[in-house]
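In: Just a sequence and a predicted model for now, questions to come.
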Amino acid sequence: MLPTTLFYILISILVVSFIIDKILDTLNAKHFNDKIPARLADVYDEDEYKKSQAYKKTNDKFSNLTSYFSIGLTLFFFFADGFKYLDIYARGYTNNPILVALIFFGVIMLGSDILTTPFSYYKTFVIEEKFGFNKSTKKTFWLDKIKGWLMSILLGGGILSLIIWFHQLTGTNFWIYAWVLVAVFSLFMNLFYAKLIVPLFNKQTPLEDGELKFSIEEYAQKVGFKLNNIFVIDGSKRSTKANAYFSGFGSQKRITLYDTLINDLEIDEIVAVLAHEVGHYKRKHIIFNLTAAILLTGFTLFILSLFINSSILSEALGVAIPSFHIGLIAFGILYSPISEITGLFMNYISRVFEYQADNFAKETFAAKPLITSLKKLSKNSLSNLTPHPAYVFMHYSHPTLLERIKNLEK
């Protein structure tokens, strides 16, 4: 295959993916004004529904603007031989492959973040502010940015450096060592993310003694779920939107409640939400997801090892000196259709798991408080109650509110 042919294959993949996304967005937008299903009629009153429609339409327009900007910038970078000039720039400082790669990706990530930060700022302080969601201050916004950069440098840069080092030492067998590295890192993050990473961005405090804690502990004891860690996170620091999540496993497992969730829901509704999260643990969904992610990573790294030494990947991007980092860019695009397929499969599995967790909550606690909690959370986040089925199939990791309620009311 000629490098020019591969170049246009890469462009075609980017463009086709963009077109598919735009078709799905358009189909979804056509349902914004649909009548609310009878089962969900009590979620919004007339004024609230109009507000939710305005929120959906505003976000849709903003998404179109950002996606067109992104694809335009990407195509410009490809056709202007941006990768070639950036590679030359990086090699102007060093010939060390690891340092060249770090400079190369560092410039790309920093440049991309600088260009997209105005959009992120507008989203937070204009759109989310307009609809009453934003609680973040400008100080918090910029501190989050800086912390995010530092995390990317330390974790992302460290993992990339080790993978390139493995490639230098072992050649095509690097994928085995890289796979072990990523697997160990994934396991470590699953165990200690809440202890090590979350505190950098949010304050977590143990749930105070009281009726809520007693009700949670009573339910946990009933279903044989040993629970020592119940934390409240200051989600209201950034947004009024509510959430709860389960993290870790074994002795490191913990349940985290957003303070907004505690403010928005009744005690039995909070316990129902937690029963759903416990259902994920009891049904081994966390272990399945972690195992599947590790296996998919291994498969991806193995496929990468078959192509990474091919000079055509670098030549397709106009770079004269073949290198791991340039090959990684080209491979990432070539692999994206496969990634899309595996993503669809994982979304489908995730939706099945959500039904199973809902059923667990229904069987071990009650369906009604879970239904009312889901309705309240949808209302408070101005959720789209009438998404297009194709959009749901492609993008949703959870069933729609209507489908979840139908399942719970069986």
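Out: All right, it came through fine.
In: Pretty sure Q252 sits against L191.
Out: Yes. At 4.7 Å, Q252 counts as touching L191 under the criterion of CB atoms under 8 Å. Where you see a C-beta, it was placed from the backbone N, CA and C, and this is true even at glycine.
In: Can you pick out the residue with more neighbours from these two?
Out: L191 (17 against 14; other CB atoms under 10 Å).
In: Would you check how far apart that one and K145 are?
Out: 27 Å (CB to CB, to the nearest Å).
In: what's the following helix or strand after the longest helix seen in the chain?
Out: The helix that spans the most residues within the chain, counting by DSSP state H, is helix 324-364. Where DSSP states H and E defines the elements, the next helix or strand beyond helix 324-364 is helix 367-380.
In: in that next one, what counts as buried?
Out: 367, 369-380 (16 or more other CB atoms under 10 Å).
In: pLDDT wise, what is G250 at?
Out: G250 carries a pLDDT value of 69.
In: quick one: the strands in this protein?
Out: For the chain, the strands defined by DSSP state E occupy 204-206, 230-233, 244-247, 254-258.
In: for the ones you listed, which one sits closest to K135?
Out: With CB to CB as the measure, strand 254-258 is the member of those nearest K135 (11.7 Å).
In: ok, residues contacting stretch 260-267?
Out: Stretch 260-267 has contacts (CB atoms under 8 Å, 6 or more residues apart in numbering) with 211-212, 215, 232, 235-236, 239-244, 270, 273, 369, 372-373, 376-377, 380.
In: can you rerun that using 10 Å?
Out: 135, 207, 210-216, 232-244, 257-258, 269-274, 369, 372-373, 376-377, 379-381 (CB atoms under 10 Å, 6 or more residues apart in numbering).
In: buried set for the least confident helix or strand in the chain by mean pLDDT?
Out: Ranked by mean pLDDT, DSSP states H and E, the weakest helix or strand in the chain is strand 244-247, scoring a mean of 79. Neighbour counts over strand 244-247 (16+ other CB under 10 Å) mark A244, F246, S247 as buried.
In: what bridges to the last one?
Out: For S247, the beta-bridge partners are R254 (DSSP bridges).
In: Can you tell me how far it is from G210?
Out: Distance from S247 to G210, by CB to CB: 23 Å.
In: what's the answer for the first one, then?
Out: With distances taken as CB to CB, A244 is found 17 Å from G210.
In: before we move on, what about the second one?
Out: Separation of F246 from G210 (CB to CB) stands at 21 Å.
In: Can you report how many residues neighbour L155?
Out: 13.
In: ah, wrong one, I meant I338
Out: Using other CB under 10 Å, I338 has 13 neighbouring residues.
In: Same question for S236.
Out: Counted with other CB under 10 Å, residues neighbouring S236 total 16.
In: That one against A242, yeah?
Out: Yes. Using CB atoms under 10 Å, S236 makes contact with A242 at a distance of 9.1 Å.
In: hey, what's in contact with both of these two?
Out: Common neighbours of S236 and A242, counting by CB under 10 Å, 6+ apart, are Y258, D259, T260, L261, I262, N263.
In: OK, contacts around the first one?
Out: Contacts of Y258 were listed using CB under 10 Å, 6+ apart, and they are 202, 232-236, 239-245, 264.
In: so what's it bridging to?
Out: Y258 forms beta bridges with I233, as assigned by DSSP bridges.
In: Pull the number of nearby residues for K138.
Out: 10.
In: hmm, back to that, and the buried residues of helix 367-380 as TSV, adding pLDDT and distance to P37?
Out: Compiled in TSV, the buried residues of helix 367-380 are given as follows (pLDDT from 0 to 100; distance: CB to CB, whole Å):
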residue	pLDDT	distance to P37
A367	95	18
P369	96	21
L370	96	18
I371	96	14
T372	95	16
S373	95	18
L374	95	14
K375	94	12
K376	93	17
L377	92	17
S378	92	12
K379	92	14
N380	90	19
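In: V16: which of those is nearest?
Out: V16 lies nearest to S378 out of those, by CB to CB, at 33.1 Å.
In: Low-confidence stretches in the stretch 101-250 of the chain?
Out: Along the stretch 101-250 of the chain, segments meeting pLDDT under 70 span 250.
In: Where do the helices of it begin and end?
Out: All helices of the stretch 101-250 of the chain, identified by DSSP state H, counting those that start in this stretch, fall at 128-130, 138-151, 157-170, 174-196, 198-201, 211-222.
In: Out of those helices, the one nearest I321 is which?
Out: helix 157-170 (14.5 Å).
In: List the buried residues of stretch 221-231.
Out: Across stretch 221-231, burial judged by 16+ other CB under 10 Å covers V223, F225, L227, N229, I230, F231.
In: One more: stretch 86-104?
Out: Using 16+ other CB under 10 Å as the test for burial, stretch 86-104 gives L86, D87, A90, R91, P97, I98, V100, A101, L102, I103, F104.
In: thought the fourth one was touching H325?
Out: If I follow you right, that is R91. No. Look at R91 against H325 with CB under 10 Å: they stay out of range, at 11.0 Å.
In: Which residues are in contact with each of these two?
Out: P97, V100, I103, F104.
In: show me the contacts for the last one.
Out: So the one you mean is F104. By CB under 10 Å, 6+ apart, the neighbours of F104 are F83, L86, D87, Y89, A90, R91, S323, H325, I326, L328, I329.
In: need the contact list for the fifth one.
Out: Right, A90. L99, V100, A101, L102, I103, F104, F105, G106, V107, S323, H325.
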